[in-house]
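Undergrad: Build me a structure from this.
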Amino acid sequence: MLIDPLPRPGRCTCWRALLAALAAACSLAVQAQALPTVVVEPHPVELTLPAEALVEAVNEATLAAQVSGRVVEVHVDAGQAVHRGDLLMKIDAGEASEAAAGAAALYVNARASYQRTLGLRQQGFVSQAAVDKAKADLDAAQAARAQTAIVAGHASVRSPITGIVAERLTELGEMAAPGKPLLTIYDPNSLRVTANIPQYRLAQMRAVKQARVEFAQLGKWVDAASVTVLPTADAATHVSPVRVGLPAGVTDLVPGMNARVHFVIGRVSKLTVPQAAVARRGAVTSVYVQGRDGALSLRQIRLGEPAGADEVEVLAGLHAGERVLLDPVKAAIALKSASQPGR
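TA: Purely as a prediction, here's the structure:
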């Protein structure tokens, strides 16, 4: 049998392709080994009942006008910090001021009349009944003076609490009337969230003592300070409100902001992966899996509820013991580089 010592052109091409593929596989394995990974394993996590909620201020005050008149001074606007007793607005309450001045004058006259009557009584010129009437007139004038002074004082609108102006509802020069809202102020250091829970869950909720509040728009999780099921129910929607207290010092929250409360109702073992390892493309979620031979592959997975701030439950697509890459961006670059060996 004759042996051809020279490689044939077709055979050489096949060998080169095989060598290139082996080199690419080795390169991919080396790159994958250099990237941080984590082994997927079941972990005991909190079993939670999620519910949508809204941020509320515990201490909030809507100030309304108590006298009629034109707004002549405005010292604050929405977003400003104020202290208790600060002057916020001033109303030109001419009628109230005139009434206060008239009541003060009547009080001066009543006091003088009482003093004269008392002197005449001591001289025996008037009866005790006259003294009693003068004293009653003096007391009435004093009460009227105090009342009108209070009403006139309402022309100066002052802050009842220390906080932030959430909304200013009137402008300089507008007319104010008793009952018309002027300002809303809230205390940013005293906040809570309120969730509406279906009534069939109430028996379960009454045993809940722990909850975590998720603020997705801020990327923040906060441990609840308290959980209170209110003894009320909505007949139309069949839900009951549950108040969740927030600890002091939580920043960047404002009343009306959306939140999601995770009420802890038990513990269970779940398969989880780090949130940072998940690649999200629209509604599709996937992870980069490293095989036993070091090769990388992109695998679509189905996620469940968050398991704390850093982990998320895996419902399908992964098995315990598999290894996933923690940085999907670097994993994608490594996989793309390996698929283009000639570059």
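
Undergrad: now the helices for the stretch 1-150 of the chain?
TA: For the stretch 1-150 of the chain, the helices defined by DSSP state H, counting those that start in this stretch occupy 9-34, 94-123, 128-153.

Undergrad: try the stretch 201-343 of the chain
TA: 202-205, 328-338.

Undergrad: buried residues in stretch 201-211?
TA: Arg201, Met205, Val208, Ala211 (16 or more other CB atoms under 10 Å). The way it works is simple: take the backbone N, C-alpha and C, and place the C-beta from them, glycine included.

Undergrad: how about it as CSV, C-alpha atoms only?
TA: These are the backbone C-alpha positions of stretch 201-211, laid out as CSV (Å, rounded to 0.1, in the frame of the first residue of the first chain):
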residue,chain,number,x,y,z
ARG,A,201,-56.3,37.0,53.5
LEU,A,202,-57.1,38.9,56.7
ALA,A,203,-56.9,35.8,59.0
GLN,A,204,-53.4,35.2,57.6
MET,A,205,-52.4,38.8,57.8
ARG,A,206,-53.3,39.2,61.5
ALA,A,207,-50.4,36.9,62.3
VAL,A,208,-47.9,38.9,60.2
LYS,A,209,-45.3,40.8,62.2
GLN,A,210,-42.6,41.3,59.6
ALA,A,211,-42.6,42.9,56.2
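
Undergrad: pLDDT (mean, whole number) over it?
TA: The pLDDT scores in stretch 201-211 average 88.

Undergrad: What of stretch 163-172?
TA: pLDDT averaged over stretch 163-172 gives 92.

Undergrad: do the same with stretch 225-234
TA: Average pLDDT, stretch 225-234: 92.

Undergrad: Leu325: neighbour count?
TA: By the criterion of other CB atoms under 10 Å, Leu325 has 23 neighbours.

Undergrad: ok, now Leu183?
TA: Counted with other CB under 10 Å, Leu183 comes out at 23.

Undergrad: contacting residues for Ala233?
TA: Gln199, Val239, Ser240 (CB atoms under 8 Å, 6 or more residues apart in numbering).

Undergrad: Over to the first one: give its phi and psi.
TA: In other words, Gln199. Gln199 adopts backbone torsions of phi -60, psi -30, taken as degrees, to the nearest 10.

Undergrad: And it, how close does it get to Ala53?
TA: Here Gln199 is placed at a distance of 17 Å from Ala53 (CB to CB, to the nearest Å).

Undergrad: Please apply the same query to the second one.
TA: Relative to Ala53, Val239 is positioned 12 Å away (CB to CB).

Undergrad: So between the two, which is more surrounded?
TA: More neighbours surround Ala53 than the other of Val239 and Ala53, with 24 against 17 (other CB under 10 Å).

Undergrad: what's across from the more buried one in the sheet?
TA: Residues in a beta bridge with Ala53, per DSSP bridges, are Ala195, Ala259.

Undergrad: residues contacting it?
TA: Applying CB under 8 Å, 6+ apart to Ala53 gives the contacts Val193, Thr194, Ala195, Val213, Val244, Asn258, Ala259, Arg260, Val261.

Undergrad: What of Met257?
TA: Counting by CB under 8 Å, 6+ apart, Met257 touches Leu54, Val55, Phe215, Gln217.

Undergrad: 6 Å instead, please
TA: Taking CB atoms under 6 Å, 6 or more residues apart in numbering, we find Met257 in contact with Val55.

Undergrad: on that earlier part again, which stretch in the helices of the stretch 1-150 of the chain has the least confidence?
TA: Lowest mean pLDDT of the helices of the stretch 1-150 of the chain: helix 9-34, a mean of 51.

Undergrad: Could you identify which of the helices of the stretch 201-343 of the chain is most buried?
TA: Mean neighbours per residue, mean count of other CB atoms under 10 Å, is largest over the helices of the stretch 201-343 of the chain for helix 328-338, with a mean of 17.
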